[in-house]
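Participant: okay, predicted coordinates and the sequence, questions at the end:
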Amino acid sequence: MPYQRVWTLGDGKTLGDAYYLGQLISYGGDTDSIIANAFHRKTITSVRKPTFSLFIEGYGDLTDYCKNYNITKNVEDAIGEPNHGRGWLTLYDQAGSFITGGNCVFKKSDKVKIWAGFEDTNISRFTGIITETKVDTAKKEINIGIADYGFALKKAQTSGDWSEFNTPKLLINELLNRQNLPPAIFQNESGLPTTHEFSDMDLERRSYWALIHGATMSIFYVFFFDEDGYMRCMRRDSYTELGYTFTDDFIMSLTYDRDAEVINSKQIDHTGIPLWSGFLLSDGVRWGQSAQNCYSKASQAEYGVFSDAEADELIATFGDAMILSPQIIDYYSTPGQIYRMQIPAYPELKIYHRFAVQSDKNGIMQNFIAIAINETFTPGNWWQEITIMPDRERL
């Protein structure tokens, strides 16, 4: 389970490890607002005093040994299976306290927790496990590979009859429970789409991560682990409002990265074959095939044809495919330019937060959504490179 930690912020106010600062701002209480505003002022001030804390399971507070850390959190702008969060720590162990026989004492799967902030007012930055270690005896350094709990979900596999867990929420939460992880936080806790029932639950052998991808993809959701070690499941076409504008005063660099994916012709394969064949529906759905074909004529006329195909065992029938394919065409049928923005670390910013960018230097004034955050902390320096995607338009 994720570590639990409580710290005090003036006036006896305490924040738990799982406290989400973005929610704190929205509460609007006087004490909460003062704390949030004070933290925000420290974030954007010209002279900042960043601090951090590092805990490793079984060894406690190792902050004094840590030289730096780098972590990456992301979701994919494509339908494909995403990567999990990951990163590196570097410890300086002059006395050799954690090195025995040329190897370090830390083990794979030991839990790791990182907090960071300003002047010892820290909030969660990463929760996960150790994936590998490397010892540099000449430099007396230990490099530690870390990953969020998606790494463990990729290693675990299962198959067989899962009919007892035949909705996305039931399936995902049972997979998490089997790894001793807390339930996922769904954007929509009740009603469709989390109550959508899968048609076929006799599963082939796959990783837990791949099954979660299939479950979320089938209802047009993305999934990722947050800083506190909770899996969050959100609609692909949604966001959480940050309510902040990044300007040239704060932006270190802003560069074009790539074009956002366009899909205006989609085929989704499924195993269930309709009994009746030979009829072509007006939206491009062909009966008599074990697939649904959906397209946008308007997008194809304006941008050309961009085709994509999909198959997953949790999309087993025509009805399952009908839930997904029109949403894909609606969301992905228009293009957009994805940028990388380097900034002094802005810790309130989370994956799938929406915010404004007003850069006169680059001629950009638009709303964007964060789809990846790469964060680096060294003594006295704390910065982030954010991959940002514009709000997609609708035809």
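Facilitator: Perfect, thanks for sending it.
Participant: who does Leu203 bridge with?
Facilitator: Counting by DSSP bridges, Leu203 forms beta bridges with Gly160.
Participant: what number of residues lie near the nearest residue to Val305 once chain neighbours are set aside?
Facilitator: In this structure, Val305 finds its nearest non-sequential neighbour in Ser265, 5.7 Å apart by Cβ to Cβ, 6 or more residues apart in numbering. (C-beta placed from N, C-alpha, C; glycine too.) Around Ser265 there are 20 other residues, counting by other Cβ atoms under 10 Å.
Participant: residues in contact with Ser265?
Facilitator: With contacts defined as Cβ atoms under 8 Å, 6 or more residues apart in numbering, Ser265 is in contact with Asn293, Cys294, Tyr295, Ser296, Gln300, Val305, Phe306, Ser307, Asp308.
Participant: ok, Tyr149 next?
Facilitator: Contacts of Tyr149 (Cβ under 8 Å, 6+ apart): His84, Thr127, Gly128, Ile129, Gln179, Leu181, Phe225, Gly229, Met231.
Participant: now do Ala210
Facilitator: Going by Cβ under 8 Å, 6+ apart, Ala210 touches Glu81.
Participant: which helix or strand contains the nearest residue to Thr247 once chain neighbours are set aside?
Facilitator: Leaving aside its sequence neighbours, Thr247 sits nearest to Gln358 (Cβ to Cβ, 6+ apart; 5.1 Å). Gln358 belongs to strand 353-359 when assigned by DSSP states H and E.
Participant: before we move on, what about Trp382?
Facilitator: strand 381-390.
Participant: what does that strand rub up against?
Facilitator: Outside strand 381-390, the residues that touch it by Cβ under 8 Å, 6+ apart are 48, 50, 52, 74, 77, 116, 252, 257, 260, 336-346, 349, 357, 366-376.
Participant: with stretch 175-193 instead?
Facilitator: Outside stretch 175-193, the residues touching it (Cβ under 8 Å, 6+ apart) are 1-2, 149, 152-153, 156, 158, 168-169, 172-173, 194, 208, 211-212, 219-221, 223, 226, 229-235, 238, 323.
Participant: return the helix or strand hosting Trp115 as PDB; C-alpha atoms alone will do.
Facilitator: Per DSSP H and E, Trp115 falls inside strand 111-118. Extracted C-alpha coordinates of strand 111-118, given in PDB (Å, rounded to 0.1, in the frame of the first residue of the first chain):
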ATOM      1  CA  LYS A 111       8.300   0.900  -2.000                       C
ATOM      2  CA  VAL A 112       9.500   4.500  -2.700                       C
ATOM      3  CA  LYS A 113       7.800   7.800  -1.800                       C
ATOM      4  CA  ILE A 114       8.900  11.300  -2.900                       C
ATOM      5  CA  TRP A 115       7.500  14.600  -1.700                       C
ATOM      6  CA  ALA A 116       8.700  18.100  -2.900                       C
ATOM      7  CA  GLY A 117       7.700  21.700  -2.500                       C
ATOM      8  CA  PHE A 118       9.100  24.900  -1.100                       C
END
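Participant: mind listing the residues bridging to the spatially closest residue to Ala311 that is not a sequence neighbour?
Facilitator: The shortest distance from Ala311 to any non-neighbouring residue, by Cβ to Cβ, 6+ apart, is to Asp269 (4.0 Å). Beta bridges link Asp269 to Ala291, Ala311, judged by DSSP bridges.
Participant: Asp269 and Asp308 touch, don't they?
Facilitator: No - taking contacts as Cβ atoms under 8 Å, Asp269 lies outside contact range of Asp308: 11.8 Å.
Participant: which of the two has more neighbours?
Facilitator: Neighbour comparison, Asp269 and Asp308: the larger count goes to Asp308, with 18 against 14 (by other Cβ under 10 Å).
Participant: how about the backbone phi and psi for the closest residue to the more buried one other than its chain neighbours?
Facilitator: The spatial neighbour of Asp308 that comes closest, neighbours along the chain excluded (Cβ to Cβ, 6+ apart), is Ile263 at 4.6 Å. Per-residue torsions, Ile263: phi -130, psi 120 (degrees, to the nearest 10).
Participant: Asn70 - how many residues pack around it?
Facilitator: Counted with other Cβ under 10 Å, Asn70 comes out at 15.
Participant: do you know the pLDDT at it?
Facilitator: pLDDT for Asn70: 98.
Participant: tell me what it is bridged to.
Facilitator: Here Asn70 sits in beta bridges with Trp88, Thr376, going by DSSP bridges.
Participant: any idea how far Lys350 is from it?
Facilitator: Asn70 sits 18 Å away from Lys350, going by Cβ to Cβ, to the nearest Å.
Participant: what lines up beside the strand holding Trp382 in the sheet?
Facilitator: Counting by DSSP bridges, the strands paired with strand 381-390 are strand 337-344 (antiparallel), strand 364-378 (antiparallel).
Participant: which of the ones you listed sits most buried?
Facilitator: Each of those was scored by mean neighbour count; the highest is strand 364-378, a mean of 19, by mean count of other Cβ atoms under 10 Å.
Participant: please save the CA atoms from that strand in PDB.
Facilitator: The C-alpha trace of strand 364-378 is given here as PDB (Å, rounded to 0.1, in the frame of the first residue of the first chain):
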ATOM      1  CA  ILE A 364       0.300  31.000 -28.900                       C
ATOM      2  CA  MET A 365      -2.800  31.700 -26.900                       C
ATOM      3  CA  GLN A 366      -4.800  28.600 -26.400                       C
ATOM      4  CA  ASN A 367      -6.100  26.100 -23.800                       C
ATOM      5  CA  PHE A 368      -4.000  22.900 -23.400                       C
ATOM      6  CA  ILE A 369      -4.200  19.600 -21.600                       C
ATOM      7  CA  ALA A 370      -1.100  18.000 -19.900                       C
ATOM      8  CA  ILE A 371      -0.500  14.500 -21.200                       C
ATOM      9  CA  ALA A 372       3.000  14.000 -19.900                       C
ATOM     10  CA  ILE A 373       5.100  15.500 -17.100                       C
ATOM     11  CA  ASN A 374       8.900  14.900 -16.900                       C
ATOM     12  CA  GLU A 375      10.200  16.300 -13.600                       C
ATOM     13  CA  THR A 376      13.800  16.800 -12.400                       C
ATOM     14  CA  PHE A 377      15.000  17.900  -9.000                       C
ATOM     15  CA  THR A 378      18.600  18.700  -8.200                       C
END
